[in-house]
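[1] sequence isn't available, so here's the structure alone:
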């Protein structure tokens, strides 16, 4: 009986799934079937929901919400003299551009959904296979899939065209891996479900777990002909897989549409917000008058052929091992459900496969039990040295010799694997096999039950020897790590390799040097324990003693590195697995006092654990580098999470394997490297590239440039809006606080849209303080972004002050010039409208020339944008002040003739020239003094850029004559960290046609970084 299996599927019976017990309440009394249809929906909007949903998302931004409220207030004439369109036009521009972008993206999603939903496959309908669209497939349908077609839903494999109903699939859409995996149907369905009429009459009942997102797990049973058959992941074809090397196969749909595991893993699109964007929201609340247009720009700033492998290996290492065996004369020939055929030095032998004890990251080993042609039963096992040596027979002649070889391999940083065997008697196998079969059909805790049974047979092993595989470092890894270290980026290496190998990795990539003082876990345990005891003893004492607890763990600023293991990490961070107690032994509190004591005990234990974890992070951050070896994927993610939690730092995780996925998802920024370990890391990442060395350009060049551009944009944005807005406040002191505006309404509307937007937009997209080559040569330039030196509250208030001073100049100099003045033609230009034009013209000149002063990287486009914005201002102003447009729209355009009359006065041009000079000359003087007296690092580099570029060219010429050798870095055992596909080792169909060179015996696999890293 399947205790945890609440999902029931009846083959060829739609009425079964429409029963009341299979319906769930969706709203009030309305109910819907819990079985999803097979149509998928990845789009966000439809014709009805687009406008309300999109606006709701956009008004989550504080600036947009503020301007909506402002627009509502301006629409009430009793409380506002400013025209409502002055706010409406910029707001509609921002909302409209964002909405169009979202609409285009969603149209693409609609097209993709329609293309997928309208694909066809053959489904049993009225006793015959008929072509049916994917969207019309339902749970319980029997479907036929042909070679090179995608699987439309999660299905139970019933039979196939291959012997023993094997089915080869490519899972690239699930995990990015192009190496083939194979599935295998139950023997009973393989035997009886081959013909069409048999398929139509199949009425099996499948009981399994509810839909979930676990791609490698499945637990269920098939009830058919009064017998139950255990089901696992090896018998399930998931939606998104592609049928390969199999002419056709049949299956019954278990999960459809949104219930399929690929859709459960897709998740919902979340609105991501950068650190600067979050800071902007707070500043909008602080100074709401300056929120206009900027959020729209920020939202856009965030928008930041593998061939099929014929040999089906679970990992490049395993492929290398089988290739090496072939080179020694042991060639894999064929595989069926129960046999493996091998050519041994020209002699063909067939082995009966009795059981496969699969690999997982906890076991770190894999075994196969076979019956030889003479009837003998033998277990062969391969695995990491640590787990193999624990299970060896006391008498092993080759142990000492093998350990010496492993030490040599480790010193050469090769990836190692131990091989062993054990002869098993028929009686022992029969007794063990009975337990194995019981564990295989367990409906709860099946994996734990299997691991326990595996342990019983994997003992008293006889060591055969060890293998070593070279895993070459990609080009530029040492140089990249060195530059990132110089940029004050803390680098932690998280790897599954053994300690010796991990240490050699550190030296090979120059993370460790001869001057580095290496601290091991056992060396610092006492430090952490002493600190923790002191903290517990002094809890609740004076503030002075608590401050002493924050003093460094190490004295001095020596070059230190920390090397720890996964087991030490679990022990010191109190993360040991707790053994499950039997229910009969559980003691529940009988009184309220006992219950309170138990709660208090748990609270103290949790506080103790958190303090120990914080101490570890503080100690580790005092080291220049940290190397965590023998860590599991879960521990990698845990370490990243600890740094995020206790250091409040921005973390970046980079890896190239499936064992790095958890870590990549946990970090703020996840980077995947496409290597020979598959594409799972790439599929789960925020950024991806093919070489580790590209990380230095991502961070030191593009990341730094992007930070500088955005900070310049924001500082200037606040400056120009304060300079614009505060003029109204100074004017209110002279207009009796009547709410009359200092500018024309149309100038207020177009100021942020046309007159001052393009230059700063180009700076935000293309500006750079130093070139990319100099950015890479001087990594210390990256530090200013880490310390938030270019945009923070101090910079914000400096921009506010700068804008306020500019507004004072723009208002009071024209105001003073207009007192008791007369133009050269005898006309008095000192009216309100002429003053508004003078102030507005001065403002346009000042803010556009100011962005010119802020621009570091000048191009023709930048110059055109600055002077073009000024020209646009004059063109629109003269047009809006013409008599013709006033005749057409008399109420909207009331400054008739103002600009032509005012701007022909030489006195006003001199006034504007004085205003511009007073605003900009102090800035020019301050910049000159700053670059002369106290230049920044980038200023010094920019000043000497020609010298540095000449040195760079000379160095490159020397490099072309003397090329350095590429360092090698490897890891400790030849396994991926995901659950293995045991049969794949023996299921390859073809291998490389050319004979590999002699060094391929060691299975050289180039291109992977092997270890995940987090910085």
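    The structure has been received and is ready for your questions. Predicted model only: the values in this text are computed from it and were never measured. Numbers count the residues shown, from 1 in each chain.

[2] start to end distance for stretch 130-145?
    12 Å (C-alpha to C-alpha, to the nearest Å).

[3] average pLDDT for it?
    Mean pLDDT, stretch 130-145: 94.

[4] repeat that for stretch 918-933.
    Here the average pLDDT along stretch 918-933 is 93.

[5] tell me which residues of it are tucked away?
    For stretch 918-933, a neighbour-count test (16 or more other C-beta atoms under 10 Å) marks 918-920, 923 as buried. To be clear about C-beta, it is placed using only N, CA and C from the backbone, and glycine gets the same treatment.

[6] how much space between residue 740 and residue 751?
    17 Å (C-beta to C-beta, to the nearest Å).

[7] ok, residue 646 next?
    The value you get for residue 646 to residue 751, if C-beta to C-beta is used, is 46 Å.

[8] of these two, who's got more company?
    residue 751 (25 against 16; other C-beta atoms under 10 Å).

[9] look up the closest residue to that one, ignoring the ones flanking it.
    residue 724 (6.0 Å; C-beta to C-beta, 6 or more residues apart in numbering).

[10] residue 40: which of the buried residues of stretch 918-933 is nearest?
    Ranked by distance to residue 40 (C-beta to C-beta), the buried residues of stretch 918-933 are led by residue 923 at 56.9 Å.

[11] could you double-check that the closest one sits in contact with residue 851?
    No. The pair residue 923 / residue 851 is not scored as a contact, 11.5 Å apart, by C-beta atoms under 8 Å.

[12] buried residues of the one helix or strand residue 92 maps to, list them for me.
    In this assignment (DSSP states H and E), residue 92 forms part of helix 85-117. For helix 85-117, the neighbour count (16+ other C-beta under 10 Å) marks 85-88, 90-91, 93-95, 98-99, 102, 106, 113, 116-117 as buried.

[13] which residues touch the residue nearest to residue 751?
    Counting by C-beta atoms under 8 Å, 6 or more residues apart in numbering, residue 724 makes contact with 751, 807, 843, 847.

[14] how about these, which pair is most distant?
    751 and 807 (13.1 Å).

[15] so where is the stretch 351-500 of the chain shaky, pLDDT-wise?
    In the predicted model of the stretch 351-500 of the chain, residues 361, 413, 441, 443, 471-472 satisfy pLDDT under 70.

[16] all strands of it, in order?
    Using DSSP state E, counting those that start in this stretch, the strands of the stretch 351-500 of the chain run over 365-371, 377-383, 415-424, 462-469, 471-472, 491-494.

[17] most tightly packed of these?
    strand 491-494 (a mean of 24; mean count of other C-beta atoms under 10 Å).

[18] what helices and strands are in contact with that strand?
    Strand 491-494 sits against helix 477-486, helix 499-508, strand 625-629, helix 633-647, strand 1012-1014, with contacts defined as 3 or more C-beta pairs under 8 Å, 6 or more residues apart in numbering; DSSP states H and E.

[19] I'd like these laid out as CSV, including distance to residue 769.
    CSV is the format used below for those (distance: least, C-beta to C-beta, whole Å):
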stretch, distance to residue 769
helix 477-486, 18
helix 499-508, 33
strand 625-629, 29
helix 633-647, 28
strand 1012-1014, 28
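
[20] ok, which of the ones you listed comes nearest residue 169?
    helix 633-647 (23.6 Å).

[21] now the closest one: buried residues?
    Buried, per 16+ other C-beta under 10 Å, within helix 633-647: 633, 635-644, 646.

[22] sorry, back to before: show the backbone phi and psi for the residue nearest to residue 751.
    Here is the backbone geometry of residue 724 (degrees, to the nearest 10): phi -80, psi -50.

[23] the strand or helix carrying residue 653 pairs with which strands?
    Secondary structure assignment for residue 653, by DSSP H and E: strand 652-655. Take DSSP bridges as the rule and strand 652-655 pairs in its sheet with strand 669-673 (parallel), strand 1012-1014 (antiparallel).

[24] now do that strand: distance to the chain's middle.
    9 Å (C-alpha atoms, centre = their mean, to the nearest Å).

[25] check stretch 633-646 too.
    For stretch 633-646, the distance to the chain centre is 15 Å (C-alpha atoms, centre = their mean).

[26] contacts only, for the closest residue in space to residue 687 that isn't next to it in sequence.
    Sequence neighbours aside, residue 671 is the residue nearest to residue 687 in space, at 4.9 Å (criterion: C-beta to C-beta, 6+ apart). Residue 671 makes contacts with 652-655, 664, 685-689, 695, 698, as judged by C-beta under 8 Å, 6+ apart.
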